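Novice: Build me a model from this:
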Amino acid sequence: MPTIAPLDLAGHCVDARFIRDVPFFALADGTVHRLDNGHKTSEVHDGLLCAVLSADGKSLLTGGEDGRVCSTGLDGEATELSKLPRKWITALAAAPGGAIAFGSGRSAWVRSADGTLREFSHERSAEGLAFAPKGLRLAVARYNGVTLHWPATNSAPTELEWKGAHVSVIFSPDNRFLVTSMQENALHGWRLEDSRHMRMTGYPNKVKSWSWSVKGKWLATSGAPAAIVWPFAGKDGPMGKAPLELGTRGDSVVTAVACHPIEEIVAIGYSDGMILVARFTDQKEVLLRRPGKGAVSAMNWDASGHRLVFGSDAGDCGVVDITA
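Specialist: Numbers count the residues shown, from 1 in each chain. So this is what the prediction gives:
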């Protein structure tokens, strides 16, 4: 039976993940908490809006309402990487090699490993950011599509158009597909070799969480009473194929998903705080956590896949050990 080490915090958990096997929790109030021989807290931002893992896995990158982009490592010290006065940092992405991207308003900035800063302006708000797997391209989700930049060159950007508001973006691990989540309760995708469109619709709610399976064959998503898992193994991606529906519940909506780093299973978090895992092959389910105080807002596995860290929108956080 899985065991849970709870951590009761005050406020919305924006991100929960392991930094070198240490659980980190980033809260909207600007604090970063870690469980490292006890509960430790760092005051990082005056209001925290987004957080991602650094490419080397050694620190948590965060952006805030104070216009700062910071890196917090195992020592709890927050290092300021960039500051944009009077701006809110609303999106972040990290690339192999140490480059990071962050967005505010209509601009996205890329900070290279040597500290050089480059701004990319757009006609509409830069909503979501993602680096391609090798870090050479940056995707910026915007109204009516995605703009692809080559930050290290002066090449003209590539525009991928689809009407509607695109709010976040992700590359497939093999760099064959690009997927966005939309304001219109849908996903949209492009096959990058020929810009062919892929429509993934039917969600009753907005997709706010997604996760690629270990080899990139599946994309698990929130936004429905089940985890909707799209197949991406074939050359056409999910086109013409029905998704898996895992962990279906009639009284709760999936709010967070996290694919296991080794096995083809996915952790599914719900609006009532329940967490279970489901296997892709036979859809078998195992309960990890009973309902709690708030909707699960963030989940991530450790590198071994033995522990799952989670946070909720009510500060109801913790770590599940599935080996116990």
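Novice: so where is this structure shaky, pLDDT-wise?
Specialist: Low-confidence segments of the chain, defined by pLDDT under 70: 324.
Novice: one more time with 90
Specialist: Where the chain drops to pLDDT under 90, the residues are 1-2, 97, 152-154, 234, 323-324.
Novice: So what's the residue count around residue 246?
Specialist: Residue neighbour count, defined by other CB atoms under 10 Å, stands at 23 for residue 246. All C-beta spots, glycine's among them, are computed from the backbone N, C-alpha and C.
Novice: Quickly list what the closest residue to it other than its chain neighbours is bridged to.
Specialist: In this structure, residue 246 finds its nearest non-sequential neighbour in residue 278, 3.9 Å apart by CB to CB, 6 or more residues apart in numbering. Beta-bridge partners recorded for residue 278 (DSSP bridges): residue 266, residue 285.
Novice: Number the chain from 17, please
Specialist: Yep, numbering from 17; the last one is residue 294 now.
Novice: So for stretch 55-67, what gets flagged as buried?
Specialist: 58, 60, 61, 64, 65, 66, 67 (16 or more other CB atoms under 10 Å).
Novice: go on, stretch 294-308?
Specialist: 294, 296, 304, 305, 308.
Novice: Closest to residue 48 out of those residues?
Specialist: residue 308 (21.3 Å; CB to CB).
Novice: The closest one against residue 332, yeah?
Specialist: Yes - Residue 308 sits in contact with residue 332 when judged by CB atoms under 8 Å, with a separation of 4.5 Å.
Novice: Determine the residues that are contacts of both of these two.
Specialist: residue 289 (CB atoms under 8 Å, 6 or more residues apart in numbering).
Novice: Can you name the residues in contact with stretch 195-210?
Specialist: 144, 157, 162, 176, 178, 180-186, 188, 191-194, 212-224, 226, 235, 237, 239, 246, 251-254.
Novice: for that stretch, how far is the first residue from the last?
Specialist: Using CA to CA, to the nearest Å, one end of stretch 195-210 lies 14 Å from the other.
Novice: if I look at residue 113, how far off is residue 152?
Specialist: 9 Å (CB to CB, to the nearest Å).
Novice: Hmm, I typed the wrong one, I wanted residue 204.
Specialist: 23 Å.
Novice: And for residue 36?
Specialist: 26 Å.
Novice: Could you pick out the longest strand of this structure?
Specialist: strand 174-187 (DSSP state E).
Novice: Which of the residues in that one are classified as buried?
Specialist: 176, 178, 181, 182, 183, 184, 185, 186, 187.
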